[in-house]
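A.B. asks: Turn this into a structure:
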Amino acid sequence: MSIARRPSRSEMDNYLQGLKDLQQQSVTATLEEDSKENAKEDTKPYTVRYFEEDEHGRRELPPDGDGPGGGLDGGLDGSRLKEILTDMQSNLGSEGEKSAFQSVLREVAGDMSDVKSSTDVEVMMKRLASYTKSIDDQIASVNTIVPREIIDKMNKSLEDLTMPDDFLNPRRGAPQIPEKGWTSNHRRKINMLNHALRRADAELQRKRVLTDKTVAAVYKAYCHAAHNMLSYSWSSVPSDVWDFLWTVFSASESIDVHRLGRIARLARDMDTAKVAMSPSQQLLSIEAMFLHEMEAKAVAIWKRCVHTLGDENADSFRKYWELGVRIFCRLGDMRQAEKATRRLLGRMNAHPRILMPMIRTYAEQATPEGQQQAWDTYRKMRDLLGKDMTLADYDQVISFFLVANHTEGALFAFVDMMSNGAIDMKKQKQWPSAVTNKFFLGKWLKRLIGAGELDGAFQVVQFMKQKGVNASPIQLNGLIGAWQRSGGVGDLECADKLAWDMIESRIRFVKARESSEGGAATASWAPSAWPPATRETFCLLADNYRQRNSHANMENLWEALRDARVSPDAFMMNQLLESHFQVGQYADALRLYHALVTDGGMAPDPYTFSALWKTPGINRGSFPESSNSLPDHYSDQVSHARSLFREIMQHMAVFEPEGMNGQLSRKILHTFRRLDDNAGFLVAITTLKEYFRFTPTEPLALELVMGAGKLMWDTREQRAELLKAKTELDDQLLAYVDGDKEKLQEGGQARQDALYRHLQKMFWPWGHNEEKRRELEEAMKQMGVYELLARRADK
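C.D. replies: From the prediction side, this is the model:
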């Protein structure tokens, strides 16, 4: 016997469980065949529509092939078995695991085409038992020559591989509703539900967790069956089916977002059917009913269970009364909520955080009495928790106050948090200086913005402004940026309004300063204005307007920038350039660049030139990529590209010390290639290597050689063409290393140099031709590198 690799312990466990599932499917296959025969009794066509109901109302579910009626054939033939085993193999992780799985199958099943019935599956089980026993025998034979400590270690690692005693016996079947005693049409509906239950049970046995698709399928089948016929005979539903339905529908909300709605429906049916529920089921059903428009019934059931679930000695005591607190707070019945709270807090090991719903409800009342009750309840919780009061608790309380527009209460709670209770703002006749300053405000804003409480942060800004504490422009810029990042329509409107209020404040200050002397300007500006906008404020708006393609707003911002006497920088210029490009105003973008840089003396940055290289028509698809078919002003486009390169040379310092990035270099070279400007290409690639620390990469070289803006390998033809070009390029590079292939290793310096020299020769094959030399010199002069390259040539 020879296999590729022995399966690990975890792999063997998975194989055993999977094969047990197959065995169970073979046992239930006969039942499914009977269902098919019953279905044949009624051939009248019918249409099934499925609905789902939750707190948002009733909606029809779309039909799908995985619904409760899909795939009812259930017979475990050879093809079905192969399909299941293939699925098991595909779910394995590594190739090694898959290889081990194949090895086990070969040992226990032989030729899979011979496995066609449930009897064949039974044979597989026996062969698997024999196979595992042979492994045990081999291990035992080795034990006689292996040191004892190694044997102990090996036994410990293999102890979980023992085969369960019930492995060769089928595990219990999935909970099923008896199909006898129903009409043929009713049997079809019962069969649908039973099939969905079997699938869910198999999934639980195999994966230990359900998927949302499986839960939805069971719910769809249950609703259809219950609505049509089970509701007339609840007694026909076995208790284990009720329990299993509960298990399915109570899956975590991370799996099923409709969890409580489905539990509410099931609990209502179980109550009608007089099915006894466990304490945990009763509590969950009460909560589900309450949250899904059955408030009165939920409250009635909760009160009915006070002497059972709410008994002092019941295990469900705490959860029962906590649920009561939440329910009565939701209803606004604070007397009952207080009563439930006293029952909870009167016991040892109480959980004071149950006061949180009461704090929120009192705060939402928006009355002086309610706000005071909220504050007193918060202080009570804080005293009970003591050192266990966490920052998250404070954040929750502060959020309650802010949402209820009780900013003062939120401030006092934040002071509590920051001072660890040392400062009780309720007892202060005058606010301490530790609170009435921008640094304290900045800490609070930072925490609120970090928690996503943006509206609350703005409430705090306005509240503190009324108390004479103005936020700094830096703090407000942080809030503006947070609003912009959230991306909501309302948030963007808030960001724009605050930013423009700050801009208007700056413009008013500038105008007052220009029209008056001394401190008069400050006096006319200061009383209730927002802090003046800074350069960062303009940059935030500029970047956001560019992303939103809002060119009109960008132009208004540019006008305001001048009125506010803020000197534009490269970032602002780049945003405005991009805004011009988005609306196709390339000429305006160039005029703006020259006005600011050439005439105004502003220093550009590398991103400026990345933007400018979008202006040549050839890069915008305005001209075909062939000089023979270009319009008459082809030469103008060549001149434009060369003048852009000259601009780069005039501002070489902005690329130090890193040099030019690969994307801009790539764009430059492709521009000259598309324009068939070989002289410009040669000058550009030489200059980029000598002065900008750039050498062409392998992909870029292939693009240039193939005349493609992007390498494509999606189709077989494209891959073949790419491989051919790569092979030809490798052969041509040998000429530059004297035929030594070892020097052309990928990523080596010799290969990079060979690529560079090959591209030079490819785009300038004329050598020292006098006419071509003059053409090259002209290109060097137009591109602003004649003296640089001439000096380097002399050296």
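A.B. asks: Stretch 751-765: which residues count as buried?
C.D. replies: For stretch 751-765, the neighbour count (16 or more other C-beta atoms under 10 Å) marks 751-756, 758-759, 763-764 as buried. Backbone N, C-alpha and C define where each C-beta goes, glycine included.
A.B. asks: quick one, domains of the chain?
C.D. replies: The chain resolves into domains spanning 9-161, 607-794 when parsed by automatic domain parsing.
A.B. asks: need the least confident one among those domains, by mean pLDDT.
C.D. replies: With a mean of 58, domain 9-161 has the lowest mean pLDDT of those.
A.B. asks: So K380 sits against L355, correct?
C.D. replies: Yes - using C-beta atoms under 8 Å, K380 is in contact with L355, at 6.5 Å.
A.B. asks: For those two, work out which one has more neighbours and name it.
C.D. replies: Between K380 and L355, counted using other C-beta atoms under 10 Å, the more crowded position is L355 (24 against 16).
A.B. asks: Report the contact partners of the residue nearest to that one when sequence neighbours are not counted.
C.D. replies: Nearest non-adjacent residue to L355, counting by C-beta to C-beta, 6 or more residues apart in numbering: M381, 4.2 Å away. Going by C-beta atoms under 8 Å, 6 or more residues apart in numbering, M381 touches 352-353, 355-356, 359, 389, 393.
A.B. asks: Redo the buried residues of stretch 751-765 as TSV? Include secondary structure.
C.D. replies: Output for those, formatted as TSV (DSSP: H, G, I helix; E, B strand; the rest coil):
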residue	secondary structure
R751	helix
Q752	helix
D753	helix
A754	helix
L755	helix
Y756	helix
H758	helix
L759	helix
F763	helix
W764	coil
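A.B. asks: Out of those residues, which is nearest to E338?
C.D. replies: Nearest to E338 out of those is Q752 (C-beta to C-beta; 78.6 Å).
A.B. asks: Might you report the residue contacts of the closest one?
C.D. replies: Listed by C-beta under 8 Å, 6+ apart, the contact partners of Q752 are 695-696.
A.B. asks: What separation do you get for it and E698?
C.D. replies: 9 Å (C-beta to C-beta, to the nearest Å).
A.B. asks: CA atoms only: put stretch 376-389 into CSV for me.
C.D. replies: Included here for stretch 376-389 are C-alpha records, laid out as CSV according to Å, rounded to 0.1, in the frame of the first residue of the first chain:
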residue,chain,number,x,y,z
ASP,A,376,-29.2,61.3,38.6
THR,A,377,-29.5,57.9,37.1
TYR,A,378,-26.1,58.3,35.4
ARG,A,379,-24.5,59.3,38.7
LYS,A,380,-26.1,56.3,40.4
MET,A,381,-24.7,54.0,37.8
ARG,A,382,-21.3,55.6,38.0
ASP,A,383,-21.3,55.2,41.8
LEU,A,384,-22.4,51.5,41.6
LEU,A,385,-19.7,50.7,39.0
GLY,A,386,-16.9,52.6,40.7
LYS,A,387,-13.6,51.6,39.1
ASP,A,388,-15.4,49.3,36.7
MET,A,389,-16.8,52.4,34.8
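A.B. asks: pLDDT (mean, whole number) over that stretch?
C.D. replies: In this model, stretch 376-389 has a mean pLDDT of 93.
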